[in-house]
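>>> Mind looking at a prediction? Sequence and model below.
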Amino acid sequence: MARFSANLGFLWADLPLIEAIHAAKAAGFDAVECHWPYDVPARSVARALDETGLQMLGLNTYAGDLSKPEFGLTALPERRVDALAAIDQAIAYGAEIGVQSVHVMAGITDAENAHDVFMDNLKYACMMAVNHNIDILIEPLNRHDVPGYFLTDTTQAAEIITDIAASNLKLMFDCYHVGLTEGDIANRFHDLRHLIGHVQFASIPDRGPPDGGEIDLSSFFAMLDDVGWIKPLGAEYKPVGPTDASLDWLAKS
């Protein structure tokens, strides 16, 4: 039976992070994850996780200046020092609250040496994270939502992961992004399973709750169950209105 993690970047986004953790527990989620929790003291988050019995599966590195936008720093040649600092920040914060993974955001760039910069910074991230038993995740984002993002599809991501060959470097398989960019999410999951560290989902193409959209995500969840995937699946969708009103799918899963 599938288990689920509430992504608190989108779910209960109107609540302070501590309250959102408790709301996820009350709603029946098995875990939580977030985007950028750094304004909240890690000790406060750790306390809320202890109180609820939930694990924080993951968080993101600092997104940089979203007004430019940057949407991550790791592949930006001109931001090398800041990218390493963001990696250090995420790993230190994550270690304090017991996360499983850190999503290292590539950023928006068309620089000729972006690939080499991204590779070097990822190697650093993997080296720093392994001492804390933290996985490093990379996630391709679709061109419609994040134009110019360096990492655009799972083929590119798989090549990077294979070339670096670090045991703690894995793929964030987001059904929404993969579905928009590459189509058949079930076949892509099977092809990439050996590289996948975390699975996220939202309906396609509107990024709403999983009981809508063009793809039957309940069948995808059942397939994951059949192949023995046991990690909680990340609900990273955008509710229309209050989060609690969007959770009919959870009660049926």
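The structure has been received and is ready for your questions.

>>> all strands of the stretch 1-150 of the chain, in order?
Using DSSP state E, counting those that start in this stretch, the strands of the stretch 1-150 of the chain run over residues 4-7, 31-33, 58-60, 101-103, 135-138.

>>> Out of those, which is the most enclosed?
Among these, strand 31-33 has the highest mean neighbour count (mean count of other Cβ atoms under 10 Å), at a mean of 28. Placement of C-beta: from N, CA and C, glycine included.

>>> Show me what it is packed up against.
strand 4-7, helix 17-27 (3 or more Cβ pairs under 8 Å, 6 or more residues apart in numbering; DSSP states H and E).

>>> To residue 202, which of the strands of the stretch 1-150 of the chain lies closest?
Evaluated over the strands of the stretch 1-150 of the chain, closeness to residue 202 peaks at strand 4-7, with 9.2 Å, by Cβ to Cβ.

>>> From the rest of the structure, what touches that closest one?
Strand 4-7 is contacted from outside by 12, 20, 24, 27, 29-35, 57, 200, 232-237, 250, 253, using Cβ atoms under 8 Å, 6 or more residues apart in numbering.

>>> In terms of pLDDT, where does the residue lying closest to residue 224 once chain neighbours are set aside sit?
Spatial nearest neighbour of residue 224, excluding adjacent residues (Cβ to Cβ, 6 or more residues apart in numbering): residue 2 at 6.5 Å. Here the pLDDT value assigned to residue 2 is 90.

>>> ok, now the one 4 residues further on?
Model confidence at residue 6, expressed as pLDDT, equals 98.

>>> quick one: the residue nearest to residue 224 from residue 144, how far?
Distance of residue 2 to residue 144, given as Cβ to Cβ, to the nearest Å: 28 Å.

>>> Same question for residue 89.
29 Å.

>>> picking up where we left off before, between residue 2 and residue 144, which one's more packed in?
The neighbour count for residue 2 versus residue 144, taken as other Cβ atoms under 10 Å, is higher for residue 2 (17 against 10).

>>> residues contacting the more buried one?
221-222, 224-225, 233, 253.

>>> Among those, which are located in helices?
221-222, 224-225 (DSSP state H).
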